[in-house]
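Engineer: Everything below, folded, please.
(2 chains)
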2 protein chains.
Amino acid sequence: MMPESPIRKLVPFAETAKSKGVKVYHLNIGQPDIETPEVALNAVRNFKDKVVAYSHSAGILSFRKKLTEYYKKYNIDLTPDDIIVGAGASEAILFAMNSCLDQGDEIIIPEPFYANYNGFAINAGVVVKPIFSSIDTGFALPPMEEFEKAITEKTRAIMICNPNNPTGYLYSKEELETLRDIVKKYDLYLITDEVYREFCYDGHKHYSAMYLKGVEDHVIMIDSTSKRYSACGIRVGFMISKNKEVMKTALKFAQARLSPPSFGQVAAEAAIDVPDSYFDEVLKEYDARRTVVYESINKIEGAFCPKPKGAFYVVAKLPIDNSDRFCQWLLEDFNYKNQTVMFAPASGFYSTKGRGEDEVRISYVLNVNDLKSAMKCLEEALKVYPGRTT
Amino acid sequence: MMPESPIRKLVPFAETAKSKGVKVYHLNIGQPDIETPEVALNAVRNFKDKVVAYSHSAGILSFRKKLTEYYKKYNIDLTPDDIIVGAGASEAILFAMNSCLDQGDEIIIPEPFYANYNGFAINAGVVVKPIFSSIDTGFALPPMEEFEKAITEKTRAIMICNPNNPTGYLYSKEELETLRDIVKKYDLYLITDEVYREFCYDGHKHYSAMYLKGVEDHVIMIDSTSKRYSACGIRVGFMISKNKEVMKTALKFAQARLSPPSFGQVAAEAAIDVPDSYFDEVLKEYDARRTVVYESINKIEGAFCPKPKGAFYVVAKLPIDNSDRFCQWLLEDFNYKNQTVMFAPASGFYSTKGRGEDEVRISYVLNVNDLKSAMKCLEEALKVYPGRTT
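Structural biologist: Next up is the predicted model:
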């Protein structure tokens, strides 16, 4: 059965709050408010073809060629054949799971993890085996022994999201090397969702799984233009691998659905020309937002969050009995000066029942002033929440 | 294992032919040359939003509302909740299979059928059970007994494409009523792919499965804007059903992949304003093409095709030993005045091994003059093909 998305299940309560005139700060979703670069929008506005035809199933060739230049900047050497364009990273993940795993095979994912991985796994008939990463270690990679304990004869892959949604954790070079050793030893695939690869703070550098030596045939990188260019609606993501057999199989799945969206590809191809200064600006903005959230949370008595190093999420531990109940209560029964805040209960990001019940995921996708107001709401809410624990 | 697409497997041979300076008429694919309506392209050219955001997972609400008006013209009463927008009919079919069938469940499809159904079935973990529809009956619906013979305790759905790709057959009201009786009697879903619903000839009227009474909860209609507006690249299709439970499940799959393409939806919403005269023009053009193909084939000694009533395909029986070999030979070893023609071997549209070996699928997606030249190539080719049988 498809589980309910933790990001969406409270939407009706938010609607009710709004209908009562309460302003709701949406920190539950990953929809940034940053403007899509003009160069991308203009490419679509200047679309000249008379027929919007199918593109190549793997994506427009000129686009994939240009992508290889983009990755070259990050010292990742690709050919266009190493890239399949999907309708968002969502479809790319589905291609990856379908190509690397057979039905009933197992994939190990450190939890908490991006809840939609469950949906893709169900779609692909694959079984997710979670292993625990703790807020107490800042959601660092579980030690090798934990992976080894979880590996069975049905295990075919390990998946991580780096930088991490929902935790904001950035895996280090050493952690990637641990993963390299495991996938080599047990002959597994390593599927790394790197859609937030540009979003790293405090001078931390992103270490891609594509840098790992000796496991080139094991690594499948997932990427996307959604967050990079704040263009979630164009639906352009990538499955990238040096493994020719895997890519051949993935291409068949890509061919079955004919082609990725043409307009989105046109926008994404143009977006590659966005200057580095765009990212500098965007990153500065997110960094300021991150600081607001991180500092506000840790000032609240009984609340805690590790300092996120990447992406634009943080998982915070709160002095609450149950995060589903708390998040619903925030929308149903609370407001501070006619304002409230919406989070995603973190329980939905854990596969293991009972975990994350005192945690919420916060997306810092609003401007600094709104974030400050939202954090003030949280602070006031925790003063009066009936299910407060400490 | 994902099978090779019959539409694509000969592409390398076509490339080689072209590199030798031979003109190849592409009658292997369903990519129309008709222009996408200006009103659709202009809507995208005038895109005003600053952020290309995720749309609603089921599709932009204003778009789905407008779609209900579109279907009203065809006496199909829908609410926006009866519609989920997919990245093309491809994704809509995947949603339908994932929502109606569990892994290992069986779906009965008359063969020959659209080859990519195989890919979606593999993706969804569903088993296709083909039943035979013969060129000798013009590919009419197999009789009820054939369905009953194929039904097992694992059967959960019947799927048809109407008008049919690859055969061009248009199922009658009576045939739809036969299907109604079967799905009612055995409590099955009826998934009808109606993406060519506007493409009916000789005054034939399309009879939608949505018209069937008493099986509203059984019917899932698949539709698309790709062929309707010659806008294959926008990737906008639909899963439509009155069954609220099925739609609820499908929405979860839709939510897992976040949203369908925004630009495509903008184009498709605008396209609904295309006047009926557009379709009259397009249909007139296709009708002329159909006549060229139908008449040319049946003039060739030993060749035969039923008169197609819909879509823009026909399956033709040729005096050949093996359609894969013949189609490859056309590209590799034959040209007539430096021209040749590319078909899709019909064997790829049959699930049952050995069927369709003397048949090809012809897409009449080129203009009348090109089609005449292509048919002349076929005629000349059959005079000299070494594997000719009669």
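Engineer: Could I get the full set of strands for the stretch 1-150 of chain A?
Structural biologist: A:23-26, A:83-86, A:106-111, A:127-132 (DSSP state E, counting those that start in this stretch).
Engineer: any idea which of these is most buried?
Structural biologist: strand A:83-86 (a mean of 27; mean count of other C-beta atoms under 10 Å in any protein chain shown). Heads up, the C-betas are built off the backbone N, CA and C, glycines and all.
Engineer: sorry, back to before: which one of the strands of the stretch 1-150 of chain A lies nearest to chain B?
Structural biologist: The closest of the strands of the stretch 1-150 of chain A to chain B is strand A:83-86. By C-beta to the nearest C-beta, the value is 9.3 Å.
Engineer: Which strands or helices does the closest one pack on?
Structural biologist: Strand A:83-86 sits against helix A:61-72, helix A:88-100, strand A:237-241, helix A:244-256, with contacts defined as 3 or more C-beta pairs under 8 Å, 6 or more residues apart in numbering or on different chains; DSSP states H and E.
Engineer: and the last one, which residues are buried?
Structural biologist: Looking back up the chat, that one is helix A:244-256. A:246, A:247, A:249, A:250, A:251, A:252, A:253, A:254, A:255, A:256 (16 or more other C-beta atoms under 10 Å in any protein chain shown).
Engineer: And the second one, by the same measure?
Structural biologist: With burial defined by 16+ other C-beta under 10 Å, the residues of helix A:88-100 counted as buried are A:88-100.
Engineer: what residues does the stretch 251-390 of chain A put near chain B?
Structural biologist: A:252-253, A:255-264, A:267 (C-beta under 8 Å from any C-beta of the partner chain).
Engineer: which residue packs closest to the residue of chain A most remote from its centre, ignoring adjacent ones?
Structural biologist: Taking C-alpha atoms, centre = their mean, the residue of chain A most remote from its mean C-alpha position is residue A:50, at 36.0 Å. Computed as C-beta to C-beta, 6 or more residues apart in numbering or on different chains, the closest residue to residue A:50 that is not its neighbour in sequence is residue B:35, at 4.6 Å.
Engineer: how much space between residue A:76 and residue A:82?
Structural biologist: Note on residue A:76: its distance to residue A:82, by C-beta to C-beta, to the nearest Å, is 9 Å.
Engineer: what does residue A:35 give?
Structural biologist: For residue A:35, the distance to residue A:82 - C-beta to C-beta - is 31 Å.
Engineer: All the helices of the stretch 251-390 of chain A, in order from the start?
Structural biologist: Ranges of helices in the stretch 251-390 of chain A, per DSSP state H, counting those that start in this stretch, are A:262-271, A:276-299, A:323-332, A:368-384.
Engineer: Specify the angle between the longest one and helix A:368-384 in degrees.
Structural biologist: Relative orientation of helix A:276-299 and helix A:368-384, computed by axes from the mean of the first three to the mean of the last three C-alpha atoms, to 10 degrees: 20 degrees.
Engineer: same thing with the first one?
Structural biologist: Comparing the axes of helix A:262-271 and helix A:368-384 via the same axes, to 10 degrees yields an angle of 110 degrees.
Engineer: export helix A:262-271 as PDB, just CAs?
Structural biologist: This file holds the C-alpha atoms of helix A:262-271, laid out as PDB (Å, rounded to 0.1, in the frame of the first residue of the first chain):
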ATOM      1  CA  SER A 262      10.500  19.100 -24.200                       C
ATOM      2  CA  PHE A 263       9.800  22.600 -22.800                       C
ATOM      3  CA  GLY A 264      11.400  21.700 -19.500                       C
ATOM      4  CA  GLN A 265      14.500  20.500 -21.300                       C
ATOM      5  CA  VAL A 266      14.700  23.700 -23.300                       C
ATOM      6  CA  ALA A 267      14.500  25.700 -20.000                       C
ATOM      7  CA  ALA A 268      17.100  23.500 -18.300                       C
ATOM      8  CA  GLU A 269      19.500  23.600 -21.200                       C
ATOM      9  CA  ALA A 270      19.400  27.400 -21.200                       C
ATOM     10  CA  ALA A 271      19.800  27.500 -17.400                       C
END
